[in-house]
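In: give me a model of this one.
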Amino acid sequence: MSETIPNDDAKDEALPEKEALEKIKNEKQKQAYIELIEINGFKNITIQKEKPITVPDDILSAYLSSEEIKQFKSSGTGIFSVTVFAQKSKEACCEPGCCSN
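Out: Here you go, the predicted model:
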């Protein structure tokens, strides 16, 4: 699967360089995840939902200063839950009877 071009937000010149690079990194990680799904024989892959997982400040404060927490929250960096839909064809099965239908 070819590499995707980052979305327009990642190319916005108004974003500080670090934030733009972080958005590109997140997009590449998501693309690598989709590629793993594809490598394992799935097709028609779509991301149905992306949801950020909020890390509470009391946990962040054990590892980051107040300023670093502010930077972290505004950077777009974080943990994300991604719901993916994909279909696996019978041809992609590893052994007879492994797929239903």
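In: can you name every helix or strand that the helix or strand containing K25 contacts?
Out: Under the criterion of DSSP states H and E, K25 resides in helix 17-39. Under the contact definition 3 or more Cβ pairs under 8 Å, 6 or more residues apart in numbering; DSSP states H and E, helix 17-39 sits against helix 8-11, strand 42-53, helix 66-75, strand 79-88. C-beta here means a position set from N, CA and C on the backbone, and glycine is covered the same way.
In: for I24, which of those is the nearest?
Out: helix 8-11 (5.0 Å; Cβ to Cβ).
In: returning to what we had before: go through the helices and strands packed on helix 17-39 and find the least confident stretch.
Out: Within the helices and strands packed on helix 17-39, the stretch with the lowest mean pLDDT is helix 8-11, showing a mean of 46.
In: quick revisit: output the helix holding K25 as PDB - backbone C-alpha positions only.
Out: Extracted C-alpha coordinates of helix 17-39, given in PDB (Å, rounded to 0.1, in the frame of the first residue of the first chain):
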ATOM      1  CA  GLU A  17       6.800  23.000  12.700                       C
ATOM      2  CA  LYS A  18       6.800  20.600  15.700                       C
ATOM      3  CA  GLU A  19       3.000  20.400  15.600                       C
ATOM      4  CA  ALA A  20       2.900  19.900  11.900                       C
ATOM      5  CA  LEU A  21       5.500  17.100  12.200                       C
ATOM      6  CA  GLU A  22       3.500  15.500  15.000                       C
ATOM      7  CA  LYS A  23       0.300  15.400  12.800                       C
ATOM      8  CA  ILE A  24       2.300  13.800  10.000                       C
ATOM      9  CA  LYS A  25       3.700  11.200  12.400                       C
ATOM     10  CA  ASN A  26       0.200  10.400  13.700                       C
ATOM     11  CA  GLU A  27      -1.100  10.000  10.100                       C
ATOM     12  CA  LYS A  28       1.800   7.700   9.300                       C
ATOM     13  CA  GLN A  29       1.100   5.500  12.400                       C
ATOM     14  CA  LYS A  30      -2.500   5.200  11.400                       C
ATOM     15  CA  GLN A  31      -1.500   4.300   7.800                       C
ATOM     16  CA  ALA A  32       0.900   1.600   9.200                       C
ATOM     17  CA  TYR A  33      -2.000   0.100  11.200                       C
ATOM     18  CA  ILE A  34      -4.200   0.000   8.100                       C
ATOM     19  CA  GLU A  35      -1.300  -1.600   6.100                       C
ATOM     20  CA  LEU A  36      -1.100  -4.400   8.800                       C
ATOM     21  CA  ILE A  37      -4.800  -5.100   8.400                       C
ATOM     22  CA  GLU A  38      -4.400  -5.200   4.600                       C
ATOM     23  CA  ILE A  39      -1.300  -7.500   4.800                       C
END
